[in-house]
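>>> sequence and computational prediction follow.
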Amino acid sequence: MNIRALSSRPNSDRETVDTKVASSNRVPKTLYRQLLSWCRNYQSVPFDALPPLTLTPPQVNPLALKRLRGMRAFLRSNELKDSMKSDISSETSVHHPAYSALHGEDVTVTDSLITFNKIGSARELRDVIRSVYWLNNERTISNDVSTDQISLAFDAIKSCNQLSSTELESRRNKRHSSIEFRQKQLNQSIPENENVKYHCGQVMAHKTQGWRCIIVGWTIEKDKSDRLTSLTTKQYNLSRLVDESPSANIEQGADTKSKVKYTVLIDVNDATLLQSSKYVSLESQDDLVVVDDPCLQRIHNSLIKQYFTTFNAKGHFVPNGVLSYVYPMDQYSECSVPIDGKKRDDEQTHERNNDDSTTYSLELMQSCHAVTTGVGEICRQLTTAIGDNIMMMEDDNTTLLLTLMAEVDIVKSRALVEDGSPVSLRAAIAALRLLYHFHVKVNALTWSRKVHQKHKSRIKFSLGQVVKHKQYDYRGVVVAWDPRPYVDVSNWDGLQNVENPQLQPFYHVRPDANDCIQAFGGPRHFRYVCEENLELIDGEELELELESQEWKWDGDSKSYLPSEEKKFMYAEGLGDDEVSMVTGVDTLKNTLSDCLLRTREGDDNDLFAMDDLFILLRNAESLEDATTVQDTIKEIWKETKDHMLRSQLDSGIAALLEGRNEKALSAFTTIVEADPTYAEAWNKKATVHYMMGHMNESLEAAQKALAIEPRNFQALMGIGLVEMDSSSCPENAIGAFKRSLEINPWSMVSARLAVCLTKSRNMQARMMDKNEDSNILD
């Protein structure tokens, strides 16, 4: 097969194109050139990734789609002959108009559609436009088809112009203004009150209100001195009049208030503690001060991802491509686009890159490698442990175990390390995240089955059954149930005639959409219903939204069949494979528990060590990555050789989350009496004591947890909270919070530390004032 034959029209087709067809091609060519011109105009301006673009016939030529699919399959074939390489390389080079569609990993092609999943720049948009034009550069089937393709081009031009007018032009103008101002600042040709002292990504604090923030932009407040009178159309330049007045120099010298304004993202925990409703604010330069304390520099705000890529260990956030483009001369920007057509000074660029580049220490590189290979070893042990159970399964197509093992394979694929290849921090944490989520899922499966099996005998309705509400007459399907309501329902409508509803089972019901419109006047996606208010009906398929992978309608039983995972969680019958399935999931749980326990105790050189996790935690570049590592550490601390004690710990944690503090305290007390070395049980006991207001008992339990595990950042945080709430002197709390943050720098306790430090400074200031007053009196 010749690739040139696949991608070129026969010469006879070209020769038979008449004048009418050539004329009809002028419109799409003109539109095509306009789109390419737009891409060239904005190729240096970054923008947020566009949603995936899916095109179907008649927007694209169906014959060309089939041809493209064949070409992609041909190019991916492993049976290419050396004699073909020249043809392929010339015909499918980067100069080929459909190079993106031919080779793009983010492009999906079938006989009936093409999807471009990644459009993150004007260059990538240009590649999409070229590919679509190439697909449609054929004689169309009919005039209607041609009209649809031209309409697509007009829509694309409209969308591009809208994007440029709403975002890109503003972004480009801001960039020019920031460059112009920074250059004037370097030349010292601006007044002092317009001097921009700080940079995007810098961590600041408000001088009077105390909250911390990150700078995401800056501007110069416009001079409001130029005004028009209301009595005449003549314009009076008040600033010129002031300059000519005798007291002009005095007045200008007195006006030292900064005109620089910063847009900042406020730490959400600071805002909560200080009872502020602001999370984004515009603040004067005079009101801000640099945060130098490493314990206070990691800010929590959900908008951080929109502006920054990572947190740099030197104490600032690294602006993303858009922010770096708008403020390229700010100290922490990483913009590679030339300024005004000229490259940066080589020495300045080299110095900046050295300052902000990510360089891993040998210790961190070794820990990244150890964690990644350790995750791979855990996956290998899981596969070995579960193999026998899978072999015993009678149904080898739909078992829960096969699904779980497929997830293990995904984790394993992320933990592959080539010999001698370095592992990045992000890759190591990504592998750890997958393992953590798998561990949580397996534990949730076994815990849920245990809880629901205990109450199964008193449950009237099964998963998937179609029920009807006795009072409101809407139908629905049971998708979950609780042995008793997880919220207070004592004042709910519809329960006035139900005796002790707080003690009855409650069902999660997905209601029929049409029934809800009649009953409530609008759609309801979820209902939480007492068992007494439901009745079983002879069901029929309802009008509702259910996950197709978890629920399937069965016409014979007149009910919805849940997935095996749902059946397992709610102790439903699993058929002939039930024993093997339960045993297999328990085997996965116990194998995971054993691996994590050996990690904590350092008994297996093939696994990572706790030291490796703490090194990753200290160097995490984002809150998301830090959360993954800290949650993994906490899961490891929960593990114990005694599975019964671990089950009791889970029961105590569940009671604590439900607000049943007495039951939780009883569970944790029983555990520490049985095993005084179980540090996590002491830590949970300290937590429940604190929530009940038992400060001395909480402090004692936290100190015992810390004596067993000196790096227990949760226990240190608990000690700090007790000291903060019960002592008038903040120094003890400051010490505990700082020790906790040295271990886990991304902890939200930094907000508490900031409050304590402010309180301490205020106390010292008052003490100094008091001493000065005493000296005056003496």
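That came through, no problem.
>>> what helices or strands is the helix or strand where residue 32 lies leaning on?
Take DSSP states H and E as the rule and residue 32 turns out to sit in helix 26-41. For helix 26-41, the packing partners by 3 or more C-beta pairs under 8 Å, 6 or more residues apart in numbering; DSSP states H and E come out as helix 122-136, helix 143-163. Backbone N, C-alpha and C define where each C-beta goes, glycine included.
>>> out of these, indicate the one that is most buried.
helix 122-136 (a mean of 22; mean count of other C-beta atoms under 10 Å).
>>> from the chain's centre, how far out does that helix sit?
30 Å (C-alpha atoms, centre = their mean, to the nearest Å).
>>> what sits up against that helix?
Applying C-beta atoms under 8 Å, 6 or more residues apart in numbering, the external contacts of helix 122-136 come out as 28, 32, 35-36, 38-40, 42-45, 47, 50, 53, 55, 60-61, 64-65, 68, 97-101, 104, 114, 116, 118-119, 149, 152, 156, 160.
>>> filter those down to the buried ones.
Buried residues within the contacts of helix 122-136, defined by neighbour count using 16 or more other C-beta atoms under 10 Å: 28, 32, 35, 38-39, 42, 45, 47, 50, 53, 55, 60-61, 64-65, 68, 97-101, 104, 114, 116, 118-119, 149, 152, 156, 160.
>>> before we move on, the earlier item: so which of the helices and strands packed on helix 26-41 is nearest residue 678?
Nearest to residue 678 among those is helix 122-136 (54.2 Å), distances taken as C-beta to C-beta.
>>> now the angle from the closest one to helix 26-41?
When axes from the mean of the first three to the mean of the last three C-alpha atoms, to 10 degrees is applied, the directions of helix 122-136 and helix 26-41 differ by 160 degrees.
>>> where does the chain dip in pLDDT?
Where the chain drops to pLDDT under 70, the residues are 1-25, 78-95, 138-145, 223-255, 335-359, 388-389, 391-398, 418-420, 769, 771-778.
>>> how close does the residue nearest the centre of it sit to residue 436?
With distances taken as C-alpha atoms, centre = their mean, the chain has residue 624 as the residue nearest its mean C-alpha position (6.7 Å). Counting by C-beta to C-beta, to the nearest Å, the gap from residue 624 to residue 436 is 12 Å.
>>> how about the helices in the stretch 51-200 of the chain?
With DSSP state H, counting those that start in this stretch as the criterion, the stretch 51-200 of the chain has helices at 62-75, 85-91, 99-103, 122-136, 143-163, 169-186.
>>> and the shortest one, C-alpha only, in CSV?
In CSV, the C-alpha atoms belonging to helix 99-103 read as follows (Å, rounded to 0.1, in the frame of the first residue of the first chain):
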residue,chain,number,x,y,z
TYR,A,99,-0.2,16.1,10.1
SER,A,100,-2.1,16.7,13.4
ALA,A,101,-5.0,14.4,12.3
LEU,A,102,-2.6,11.8,11.0
HIS,A,103,-0.3,11.5,14.0
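>>> got a list of contacts for it?
Counting by C-beta under 8 Å, 6+ apart, 68, 71-72, 75, 92-93, 96, 107, 109, 114, 116, 124, 127-128, 130-131, 134-135 sit against helix 99-103.
>>> which helices and strands sit right next to the helix or strand residue 614 falls within?
For residue 614, the host element (DSSP H and E) is helix 610-619. Other helices and strands packing on helix 610-619, by 3+ C-beta pairs under 8 Å, 6+ apart, are helix 362-392, helix 425-455, helix 623-638, helix 731-743.
>>> so which of these gets nearest residue 608?
When the helices and strands packed on helix 610-619 are compared by C-beta to C-beta, helix 362-392 sits nearest residue 608, at 3.4 Å.
>>> helix or strand right after the closest one?
helix 400-414.
>>> could you tell me the angle between that following helix and helix 362-392?
150 degrees.
>>> how much space separates residue 762 from residue 749?
According to C-beta to C-beta, residue 762 stands 20 Å off from residue 749.
>>> any idea what the nearest residue to residue 308 once chain neighbours are set aside is bridged to?
Using C-beta to C-beta, 6 or more residues apart in numbering and skipping the chain neighbours, the partner closest in space to residue 308 is residue 317 (4.1 Å). Assessed by DSSP bridges, residue 317 has beta-bridge partners residue 311.
>>> how near is residue 317 to residue 487?
39 Å.
>>> do the same with residue 176
Distance, residue 176 to residue 487, using C-beta to C-beta: 55 Å.
>>> swap in residue 41?
Per C-beta to C-beta, residue 41 is found 56 Å from residue 487.
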